[in-house]
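# Test case, fold it:
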Amino acid sequence: MVIKKNIVKTALYLAEKLGAEAIIVSGNIKLEDLTTDIPVYFAPRRPKSIIDYLVSTSSEKQEHGKEIAGKITQEVEGNAKNVENIAAIEHLLGDLKRGVVVGIVETKDSSSIIVHDLSESPLIKAMRECEERVSPEVMRAVLTIAFDIAATGREGSQIGTAFIIGDVDEVMSRSHQMILNPYAGHSKSNRNILNKQNWESIKEFAQLDGVFVVSEDGVIEAAGKYLDVDAKDLVINKGLGGRHVSAAAITRDTVAIAVTVSESGGVVRVYKDGKETLCIESTKRAFKQIFPE
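Presented below is the predicted three-dimensional model:
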């Protein structure tokens, strides 16, 4: 308990000295007697730690110090990536600006302090490239909806979907309706993805086969679209289904950006120019704590 409290004090001191944008806490850590003006986010902890590995590993493997050391290194790297991933999500959705984030990570067997520079995040750098074609507000709205679908599904079931954003004329000419377009005849205000009042209907239509086609300014032109694309010579990760293949292919043949949600695992991916530029495996949002003044 004393060790943990000292680690928290050190992390808060470091965050204040560095002018940190936020503090991200992962694990069973409480800030009962400590306050700070820096925003604090409590993040979902990683599901497995090195102690779980040691318990489940055979005695023969435990005799190999190198293997255990390798697993410890993997855990440290995993904790750092977890903090980086959470910081990137909060940044992409507009809560965090550029700057330094300090992470406090506690597992069953260790505690650590992580300092992460948001400007060096490969996820954020990839997002900046996408925003050269699509406005940041539209990308944030699409990602917010995608993260929610990935984390909670719909009516208790996991679902997958895809959003094709930008270059609407080309995308529409290279696709056809699988079903009647549920957005046909509706006003732009009722089709605008920037309007949060439309998000529930978007998540409802995400259960349909096909993809959403969204304009650069956030107007949904269609749902339930089937992309007529040739995936020849396209290179994406093995095991991904047709939705990912066609989404990647349409970004190769047009200047559109694609955001996909995997039905299995809830992974959110972003494609640009036929390549995966962004992959976020953990889409659970962090809980922000506000300290009383």
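# so where's the protein shaky on pLDDT?
Across the chain, residues meeting the criterion (pLDDT under 70) sit at 1, 31-34, 44-79, 94, 109, 282-293.
# residue ranges of the strands in it, please?
Applying DSSP state E to the chain gives strands spanning 22-26, 40-43, 100-106, 111-117, 161-165, 175-177, 211-214, 220-227, 257-261, 268-272, 275-280, 287-289.
# Now mean neighbour count and distance to residue 143 too, for the ones you listed, in CSV please.
C-beta here means a position set from N, CA and C on the backbone, and glycine is covered the same way. Shown next, in CSV, are those (neighbours: other C-beta atoms under 10 Å; distance: least, C-beta to C-beta, whole Å):
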stretch, mean neighbour count, distance to residue 143
strand 22-26, 24, 18
strand 40-43, 22, 17
strand 100-106, 24, 19
strand 111-117, 17, 20
strand 161-165, 27, 9
strand 175-177, 15, 22
strand 211-214, 27, 12
strand 220-227, 22, 15
strand 257-261, 28, 7
strand 268-272, 24, 7
strand 275-280, 18, 9
strand 287-289, 12, 18
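# can you pull the contacts of residue 116?
Going by C-beta atoms under 8 Å, 6 or more residues apart in numbering, residue 116 touches 80, 83-84, 87, 100-103.
# follow-up on the earlier one: could the strands of the chain go into JSON lines alongside distance to residue 185?
Shown next, in JSON lines, are the strands of the chain (distance: least, C-beta to C-beta, whole Å):
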{"stretch": "strand 22-26", "distance to residue 185": "44"}
{"stretch": "strand 40-43", "distance to residue 185": "42"}
{"stretch": "strand 100-106", "distance to residue 185": "46"}
{"stretch": "strand 111-117", "distance to residue 185": "47"}
{"stretch": "strand 161-165", "distance to residue 185": "21"}
{"stretch": "strand 175-177", "distance to residue 185": "14"}
{"stretch": "strand 211-214", "distance to residue 185": "16"}
{"stretch": "strand 220-227", "distance to residue 185": "12"}
{"stretch": "strand 257-261", "distance to residue 185": "25"}
{"stretch": "strand 268-272", "distance to residue 185": "30"}
{"stretch": "strand 275-280", "distance to residue 185": "34"}
{"stretch": "strand 287-289", "distance to residue 185": "40"}
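# and of the ones you listed, who's closest to residue 196?
strand 220-227 (13.8 Å; C-beta to C-beta).
# That closest one - contacts with which helices or strands?
helix 168-173, strand 175-177, helix 199-205, strand 211-214, helix 242-253 (3 or more C-beta pairs under 8 Å, 6 or more residues apart in numbering; DSSP states H and E).
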